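*Asks:* below is the sequence, then the predicted model.
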Amino acid sequence: VQFEESGGGSVQPGGSLRLTCSATGFVFGNYIMSWHRQGPGKERELVAAISSLGGTINYADSVKGRFTISRDNAKNTVYLQMNSLTPEDTAVYYCNKEGLGASMEWYHASDFWGKGTLVVVAS
């Protein structure tokens with residue numbers, strides 16, 4: 001199982017970025033996918049999760065209305081569109097798939113983590 005995140009960078013407050021995660025090593029379309037982030041001095045947190053066919057989506061309260069998760073099962077890819085970014089969104093962003101026994105209601109990620117992509121929001 002491998003995840004390759006891309007699309008991070010530096011952006012001013014109020015700006016937008018689109019993150020992309022390419023996944024390999026498992027049947028992508030069978031799994032819930034998620035985005036997570038770890039800010040400076042903070043624990044890693046779940047940002048958004050999307051069900052295997054995209055019909056159910058959950059967001060952390062801190063990003064609701066600003067971030068949009070989507071997926072393309074034909075490309076084994078999950079996206080995170082981030083709008084109205086604030087300095088509090090500064091973090092390394094990771095994607096992952098559901099862990100053993102997880103569901104959209106009781107979600108936890110697998111033990112596999114990629115290198116992530118760094119997002120810096122600063123003026």
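*Replies:* Arrived safely.
*Asks:* switch to C-alpha atoms for all contacts and neighbour counts from now on
*Replies:* OK.
*Asks:* any idea which element the residue positioned nearest the centre of the chain lies in?
*Replies:* By CA atoms, centre = their mean, the chain has its centre lying nearest to Trp35, at 1.8 Å. Taking DSSP states H and E as the criterion, Trp35 maps to strand 33-38.
*Asks:* ok, that strand: who's next to it in the sheet?
*Replies:* strand 45-50 (antiparallel), strand 91-97 (antiparallel) (DSSP bridges).
*Asks:* I figured Ile57 hits Ala48, correct?
*Replies:* Yes. With contacts counted by CA atoms under 8 Å, Ile57 reaches Ala48, the gap being 7.2 Å.
*Asks:* in terms of neighbours, single out the busier of the two.
*Replies:* Higher neighbour count among Ile57 and Ala48: Ala48, with 23 against 17, using other CA atoms under 10 Å.
*Asks:* name the nearest residue to that one, sequence neighbours excluded.
*Replies:* Spatial nearest neighbour of Ala48, chain neighbours left out: Tyr59 (4.3 Å); criterion: CA to CA, 6 or more residues apart in numbering.
*Asks:* returning to that earlier point: tell me the contacts of the residue nearest to the residue nearest to the centre of the chain when sequence neighbours are not counted?
*Replies:* Counting by CA to CA, 6+ apart, Trp35 lies nearest to Cys95, which is 4.3 Å off, once chain neighbours are set aside. For Cys95, the contacting residues are Phe3, Glu5, Cys21, Met33, Ser34, Trp35, His36, Val78, Trp113, Gly114, Gly116, by CA atoms under 8 Å, 6 or more residues apart in numbering.
*Asks:* what about Cys95, distance to Gln12?
*Replies:* As judged by CA to CA, to the nearest Å, Cys95 and Gln12 stand 23 Å apart.
*Asks:* how about Glu45?
*Replies:* 22 Å.
*Asks:* same check on Ala109?
*Replies:* If you go by CA to CA, the gap between Ala109 and Gln12 works out to 30 Å.
*Asks:* more crowded one of the two?
*Replies:* Ala109 (22 against 14).
*Asks:* hmm, the more buried one is touching Gly99, no?
*Replies:* Yes. Counting by CA under 8 Å, Gly99 is a contact partner of Ala109 at 4.5 Å.
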